[in-house]
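Participant: Got a predicted model here, sequence first, then my questions.
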Amino acid sequence: MRKVRAGIAVLLAVLLVAGIAGAVAGFPAVHVAKRQGVAVDWSNQAVTANGTLTYRSAAASNRSVVAPLGSNVHDCALVDINGTGHTRWRHFITYRGPWCRAQFIATPLVSTIHGRPTVLVAMKNTFYGFDEATGNVVLKKHLANMGFTAPVVVHSNDPLIVYPTMNGTVYAFHPNGTTAWKHHLGSYATGEQPQVVRPTSDGPPVVVVGGAKNIVGYDPNGSVAWRRNVSGRFLRAGHVDGRPIVVAASEYHVTGLYANGTVAWRHPTNESMTVGAVGAPHPGAPALAYVTDDSGSVLGLYASNGTVAWQRSLHSYRRYVPPPALGSLTGDGRQQVVVGAVNGRVRILDASTGAVMATYDRGVNLWTRPTILAGRDGHPDEAVLTYKDGRIVVLRYTGSSLPSWRVSLGRWSVTV
C-alpha cells in the first residue's frame, strides 16, 4: 500500500510540474481533483478558462444544465449542456468590460410554459426566453434595469413570470412579453429568486419578493398582500406541519415567515447569512432550513422555530460560504446537503446530522451555490458545480471510503 501511495504521489507530482510548464508555454493547465465518496459523472469546459469569472449558479432540468458564464476578456455566454456533458447551444452577449463577469447575466430558470421547457434569464437589460432544446428565442422583453436573480413563474392557464430588478422594480409579464403589472419593492432588490406560496390550500398564491430593507408578498394581480420590514437577500420556501413557510436570510438574521406574512420566528446572529433550502431530511422528520454564514459554517435550523439542529464548520478561517442545495444523492428518499466553500472544497453532508458523507476538491474557486440535477428513471439526484474557471462538474454519490484523484489536462482526464 505504501508503494502504491508513493507511486500515486510521484505521478501527481510529475503531472503538476507538467501543468506548470505547460501553463508557461501556453498549453492547458493541469487540474488535480481529490475526491472521496463521489465520482464525476461528466464535466464540460463550457467556455475557455482564460478570463472566465463565474458568479451565477446553473439551472437544471431533467434534460440539461444551463450555465451563465461571465468574463473579463471575452463575450459572456449562456450555455446549455445535455445530460451527457455535451454542449447543445450557446447564446453570447457581446461586451468587453469588467462588469460582464458580475452583472450582465443573471441566474437562469428552466420552467415548462405551455408544455414547452423554456430557459428564462435576464441578460443585461433584456429578459429572454429560450427554447430549451434548440436555443431559439421565444421571448424577448426590454427592462429598465438589470437584475441578479432567477425569475419565478406563477403557473396557471396563462402563466405569469415575476422578476425583480436591481433598483427594486418588480415586473410581472406574460410569456408573450406583455406586462401584467409593475410595482416598486421599496428598496433595492439585491436578493435571490422570489418564492411562491399559498396561504390557504384553495386560495390564490402569493409571490414573495425580498429586498435590501423589506420583504413583500404580492397577489397575482399585483396588489400588495403584505409587507414586512425584514431584509430578505436570500429566500427559500418550504412547509412546517403542512403549513407553508418562507425562510429569509441576510445580514445578522434568519427569519421564518408564514405565507400570510406573519413572522414565525427570528434567529439573530453576528454573521451575514444565506439560506439554500428548506425541507425534511427524510420522510417523517421535522423540516430544517439549511443556511450558511460568513464565518465558514453550514447549519441546519429547525424550520418550526429557528433553533439550531446541527452546525458544521467548513473553513478554519472566516470566509463566505455560498448557499447549500438539498437533494437525494443516495436515491433512497433520504436527503443530503451539498455545500461548496469559496476555496473550492465541496462536501456532501447527512441532512439530519451534518455528518460528512463525501468530499470533492479540484482546487478552483467556487462562488456559486450547487444545483441539484434530479434523477431520472429511478436514478439518484446528482450535484452540479459551476466553477470560477468556467468548468461545469456533475457529481454522483458512490459512498466509497477510498480517496481518488482525477487529473485533467485540457479535454483529457485520468483517475488514479
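Facilitator: That came through fine.
Participant: contacting residues for N214?
Facilitator: Shown in contact with N214 (C-beta atoms under 8 Å, 6 or more residues apart in numbering): L185, G186, S187, R227, R228, N229, V230, S231, G232. (Glycine included, C-beta is placed from N, CA and C.)
Participant: and if we set it to 10 Å?
Facilitator: G168, L185, G186, S187, R227, R228, N229, V230, S231, G232 (C-beta atoms under 10 Å, 6 or more residues apart in numbering).
Participant: I'd like those residues written out as a markdown table, with pLDDT and distance to G276 added.
Facilitator: Shown next, in a markdown table, are the contacts of N214 (pLDDT from 0 to 100; distance: C-beta to C-beta, whole Å):
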| residue | pLDDT | distance to G276 |
| --- | --- | --- |
| G168 | 92 | 24 |
| L185 | 91 | 22 |
| G186 | 86 | 26 |
| S187 | 86 | 23 |
| R227 | 96 | 25 |
| R228 | 96 | 21 |
| N229 | 94 | 24 |
| V230 | 92 | 18 |
| S231 | 90 | 17 |
| G232 | 90 | 14 |
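Participant: Over to P199. Which of the three states is it?
Facilitator: Here P199 is coil, with the state taken from DSSP: H, G, I helix; E, B strand; the rest coil.
Participant: Now do A280 against A289, distance only.
Facilitator: Taking C-beta to C-beta, to the nearest Å as the measure, A280 falls 11 Å from A289.
Participant: Of the two, give the one with the bigger neighbour count.
Facilitator: Higher neighbour count among A280 and A289: A289, with 27 against 19, using other C-beta atoms under 10 Å.
Participant: can you tell me the helix or strand for that one?
Facilitator: Using DSSP states H and E, A289 sits within strand 288-293.
Participant: circling back to that earlier point, give the residues shared as contacts by A280 and A289.
Facilitator: Between them, A280 and A289 share the contacting residues G238, V240, A303, judged by C-beta under 10 Å, 6+ apart.
Participant: Assign a three-state SS to L326, would you?
Facilitator: Reduced to three states by three-state DSSP, L326 is strand.
Participant: What about it, how many residues nearby?
Facilitator: Neighbours of L326 using other C-beta under 10 Å come to 24.
Participant: which residues touch the closest residue to it other than its chain neighbours?
Facilitator: With C-beta to C-beta, 6 or more residues apart in numbering as the criterion, L326 has its nearest non-adjacent residue at 3.6 Å, and that residue is A277. If you count contacts by C-beta under 10 Å, 6+ apart, A277 has them with 236-238, 247, 287-291, 323-327, 335, 337-338, 351, 369, 372.
Participant: filter those residues to the buried ones?
Facilitator: 236-238, 247, 287-291, 323-327, 335, 337-338, 351, 369, 372 (16 or more other C-beta atoms under 10 Å).
Participant: Now do the strands in the stretch 251-400 of the chain.
Facilitator: Counting by DSSP state E, counting those that start in this stretch, the stretch 251-400 of the chain has strands at residues 263-279, 288-293, 297-302, 308-313, 325-327, 336-340, 345-350, 356-361, 371-373, 382-386, 391-397.
Participant: Between those, which one is closest to A172.
Facilitator: strand 263-279 (24.0 Å; C-beta to C-beta).
Participant: how many degrees apart are that closest one and strand 297-302 in direction?
Facilitator: 120 degrees (axes from the mean of the first three to the mean of the last three C-alpha atoms, to 10 degrees).
Participant: how about the nearest residue to I372, chain neighbours excluded?
Facilitator: Counting by C-beta to C-beta, 6+ apart, the residue nearest I372 is G327, at 3.7 Å.
Participant: surely the one you found meets G375?
Facilitator: Yes - between G327 and G375 there is a contact under C-beta atoms under 10 Å: 8.5 Å.
Participant: Was I right to think Y360 contacts S43?
Facilitator: No - with contacts counted by C-beta under 10 Å, Y360 stays clear of S43, the gap being 11.4 Å.
Participant: Between the two, which contacts overlap?
Facilitator: Residues touching both Y360 and S43 (C-beta under 10 Å, 6+ apart) are A33, L385, V393, L395, R406.
Participant: For the stretch 151-300 of the chain, give me the ranges with low pLDDT.
Facilitator: Low-confidence segments of the stretch 151-300 of the chain, defined by pLDDT under 70, are absent.
Participant: Can you show me the helices along it?
Facilitator: Listed in chain order, the stretch 151-300 of the chain contains no helices at all (DSSP state H, counting those that start in this stretch).
Participant: before we move on, back to that, want to try JSON lines for the shared contacts of A280 and A289, with distance to P175 as columns?
Facilitator: Below are these laid out as JSON lines (distance: C-beta to C-beta, whole Å):
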{"residue": "G238", "distance to P175": "27"}
{"residue": "V240", "distance to P175": "33"}
{"residue": "A303", "distance to P175": "33"}
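Participant: Out of these, which is nearest to V346?
Facilitator: Closest to V346 out of the shared contacts of A280 and A289 is G238 (23.3 Å), distances taken as C-beta to C-beta.
Participant: Skip the chain neighbours and tell me the closest residue to that closest one.
Facilitator: Nearest one to G238, counting by C-beta to C-beta, 6+ apart, is V278 at 2.8 Å.
Participant: hmm, back to that, overlap in contacts, G327 and G375.
Facilitator: Common contacts of G327 and G375 (C-beta under 10 Å, 6+ apart): D381, E382.
Participant: Verify the stated contact: S297 with R312.
Facilitator: Yes - using C-beta under 10 Å, S297 is in contact with R312, at 6.5 Å.
Participant: what's the overlap in contacts for these two?
Facilitator: By C-beta under 10 Å, 6+ apart, the residues touching both S297 and R312 are V339, G354.
Participant: Doesn't V79 belong to a strand?
Facilitator: Yes - judged by three-state DSSP, V79 forms part of a strand.
Participant: any idea how far it is from V394?
Facilitator: Taking C-beta to C-beta, one finds V79 at 14 Å from V394.
Participant: Common neighbours of the two, please.
Facilitator: With C-beta under 10 Å, 6+ apart, V79 and V394 have common neighbours N44, A58, V65.
Participant: Check pLDDT for the residues you listed and point me to the minimum.
Facilitator: Among the shared contacts of V79 and V394, N44 has the lowest pLDDT, at 85.
Participant: name the element that residue belongs to?
Facilitator: With DSSP H and E as the test, N44 turns up in strand 38-45.
Participant: what's the closest of the shared contacts of Y360 and S43 to A106?
Facilitator: Nearest to A106 among the shared contacts of Y360 and S43, with distances taken as C-beta to C-beta, is L385, at 19.0 Å.
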